[in-house]
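Q: With the input below, show me the fold.
(one chain, ligands or ions: 1)
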Amino acid sequence: MQPVKIGLIGFGCVGQGFYYALEQAQLENVSIKKIVVKNPLKERSIASNNFTYDKNEVLHDAEINVLVELIDNAEEAFTIVKTAMENGKHIVTANKKMLAIYLPELLALQKKYQVGLLYEAAVCGAIPIIQTLDRFFANEPLASITGIFNGTTNYVLTKVVQQNTSYEQALLEAQQNGFAETDPTADVQGYDALYKTVIIALHGFGVVLNHKDVLRFGINTLQQNDLKFAKENNYALKLLPTIHETDDSKITAFVLPRFITTSNVLSQVHNELNAVSIYGKVSTQHFYTGKGAGSYPTGAAVLADVAALQNNYTYTYNKLNAKTKIAFTNNAVIKVYISGNNTKYLAQFNFITELETKSNEAFTYKIGTIRITDLKNILEDNDLNSEVFVAVVD
Ligand code: HSE
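A: Numbers count the residues shown, from 1 in each chain. Next comes the predicted model:
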């Protein structure tokens, strides 16, 4: 590629991390021409002549050949990225929500305008998991991928389970450290991990998931009694998105908290660290870990994409383009723990097999096997889902 002239959209936590990473790397022939921000009154850490408040100044600047999109709002980001692609610009983005929601449109636009679209920073921060899945695992069929894809919830769970910090205090610290989304409900309710799961399914299995089809439950209804259950049974608690092959050679996926034994290596992944555990049908077990959130680690992933674009790197989408397609199903059975203070709600879960029920004053938990599609349907009731805590149990 000719010299890279970047138009940077957004100068928040990740934008500033990228700016820092680029300064450290001193890449030849790569520079930021303009940074688009919204608020002219906000004090910035760099000179004001770097900024513009009009995105069109970047979108229609023919000299800018790479657009680095680092804003929050998925809809606005999509409009910007679409216009930039139409204008022949290559894209680097960290916007997992935009990618997950607009995946088919983005893939079509990329094809139509023959531009690069890279998004390593959108999934698990500084772990190079998209390049790894897309290239190293381009051909090998996978049995499963699971892991810790959200730094905020891992930080909160580490603090509340291991250090007896209150949930509110731990979440506040995650926000202050720049791990959480602007609206942290996206983290604690599991949406952020869900969007990343959609992107991982694309590269790991070649499946374009509709995020609405995937069972999702977060950590926001966790109670002290659930933590007591973890302690008494010597479990660690993690939010663990999982994609795995089913007995009928389809794949299923879900984003749920999970009680795991301390012999599971994922139990040793603390604070904002993320991890990805891949089981290849030929190569067997792989484990990757690294910083999954925060300004510098995420900025470093954006830097890696910019450098990759400069070398004309593109994703292969090998599995997406394969002749044999893998189907998605929610018709699989999982073993879950469901707890709450109101047995009226707990009674609605139609377990296939009930394995254990325990009540202690107002608190009850049940463990049993249940079909994912049934669990998903029940949890779609908003009154009910705020009254229970659900986790897979090993
Ligand atoms: N809020 C996200 C997280 C940021 O906590 O993982 C990184 O995608």
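Q: going forward, measure contacts between C-alpha atoms and count neighbours the same way
A: OK.
Q: Now the one residue in the stretch 201-350 of the chain that gets nearest to the ligand: phi and psi?
A: Nearest residue of the stretch 201-350 of the chain to the ligand: Ala293, at 4.1 Å (Cα to the nearest ligand atom). In terms of degrees, to the nearest 10, the main-chain angles of Ala293 are phi -150, psi 170.
Q: That one: what's it in contact with?
A: Cys124, Gly125, Ala126, Asn150, Gly151, Thr152, Gly178, Phe179, Ala180, Glu272, Leu273 (Cα atoms under 8 Å, 6 or more residues apart in numbering).
Q: Recalculate using a threshold of 10 Å.
A: 14, 121-126, 149-152, 174, 177-181, 271-274, 299 (Cα atoms under 10 Å, 6 or more residues apart in numbering).
Q: same question, Leu171
A: 152-153, 155-157, 159-160, 165, 177, 179-180, 184, 187-188 are the contacts of Leu171 under Cα under 10 Å, 6+ apart.
Q: run the last query once more with 6 Å
A: When contacts are counted by Cα atoms under 6 Å, 6 or more residues apart in numbering, Leu171 touches Val156.
Q: quick one: average pLDDT of the helix or strand where it lies?
A: Element membership for Leu171 (DSSP states H and E) is helix 167-176. Per-residue pLDDT over helix 167-176 has a mean of 97.
Q: same thing with stretch 87-102?
A: Mean predicted lDDT for stretch 87-102 stands at 98.
Q: for stretch 127-137, same thing?
A: 98.
Q: Just checking that stretch against the ligand, any contact.
A: No: Stretch 127-137 does not reach the ligand (Cα under 6 Å from any ligand atom); its nearest approach is 11.2 Å.
Q: To which secondary structure element is the closest residue to Leu215 other than its chain neighbours assigned?
A: Nearest residue to Leu215 in three dimensions, chain neighbours excluded: Phe254, at 4.8 Å (Cα to Cα, 6 or more residues apart in numbering). Taking DSSP H and E as the criterion, Phe254 maps to strand 251-261.
Q: Work out the gap between the helix or strand following that strand and the centre of the chain.
A: Note on strand 251-261: by DSSP H and E, the next helix or strand toward the C-terminus is strand 273-280. Distance of strand 273-280 from the chain centroid (Cα atoms, centre = their mean, to the nearest Å) equals 13 Å.
Q: the inter-axis angle of the next helix or strand after strand 273-280 versus strand 273-280?
A: Reading on from strand 273-280 to the C-terminus, the next helix or strand found by DSSP H and E is strand 284-291. Here the directions of strand 284-291 and strand 273-280 differ by 160 degrees (axes from the mean of the first three to the mean of the last three Cα atoms, to 10 degrees).
Q: do strand 284-291 and the ligand meet at all?
A: No: Strand 284-291 stays clear of the ligand (Cα under 6 Å from any ligand atom), getting no nearer than 9.0 Å.
Q: Show me what that strand is packed up against.
A: strand 273-280 (3 or more Cα pairs under 6 Å, 6 or more residues apart in numbering; DSSP states H and E).
Q: in its sheet, what does the strand it packs on sit against?
A: According to DSSP bridges, strand 273-280 has the following sheet partners: strand 142-148 (antiparallel), strand 284-291 (antiparallel).
Q: Could you check the first one against the ligand for contacts?
A: No: counting by Cα under 6 Å from any ligand atom, no contacts exist between strand 142-148 and the ligand, the nearest distance being 8.7 Å.
Q: what's that strand in contact with?
A: 240-245, 274-281.
Q: Weed out the non-buried ones from those.
A: 240-245, 274-280 (16 or more other Cα atoms under 10 Å).
Q: Adding pLDDT and distance to Asn330 as columns, could you present those in CSV?
A: Output for the buried ones among the contacts of strand 142-148, formatted as CSV (pLDDT from 0 to 100; distance: Cα to Cα, whole Å):
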residue, pLDDT, distance to Asn330
Leu240, 98, 17
Pro241, 98, 14
Thr242, 98, 12
Ile243, 98, 11
His244, 98, 11
Glu245, 98, 11
Asn274, 98, 26
Ala275, 98, 24
Val276, 98, 22
Ser277, 98, 21
Ile278, 98, 20
Tyr279, 98, 20
Gly280, 98, 22
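Q: Which two among the residues you listed are spaced furthest apart?
A: Glu245 and Asn274 (22.5 Å; Cα to Cα).
Q: circling back to that earlier point, ok, which of the buried ones among the contacts of strand 142-148 also contact the ligand?
A: Okay, of the buried ones among the contacts of strand 142-148, nothing touches the ligand (Cα under 6 Å from any ligand atom).
Q: okay if I get these as JSON lines plus distance to Ile130?
A: What follows is the buried ones among the contacts of strand 142-148, written out as JSON lines (distance: Cα to Cα, whole Å):
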{"residue": "Leu240", "distance to Ile130": "18"}
{"residue": "Pro241", "distance to Ile130": "16"}
{"residue": "Thr242", "distance to Ile130": "16"}
{"residue": "Ile243", "distance to Ile130": "15"}
{"residue": "His244", "distance to Ile130": "17"}
{"residue": "Glu245", "distance to Ile130": "19"}
{"residue": "Asn274", "distance to Ile130": "14"}
{"residue": "Ala275", "distance to Ile130": "13"}
{"residue": "Val276", "distance to Ile130": "11"}
{"residue": "Ser277", "distance to Ile130": "13"}
{"residue": "Ile278", "distance to Ile130": "12"}
{"residue": "Tyr279", "distance to Ile130": "15"}
{"residue": "Gly280", "distance to Ile130": "15"}
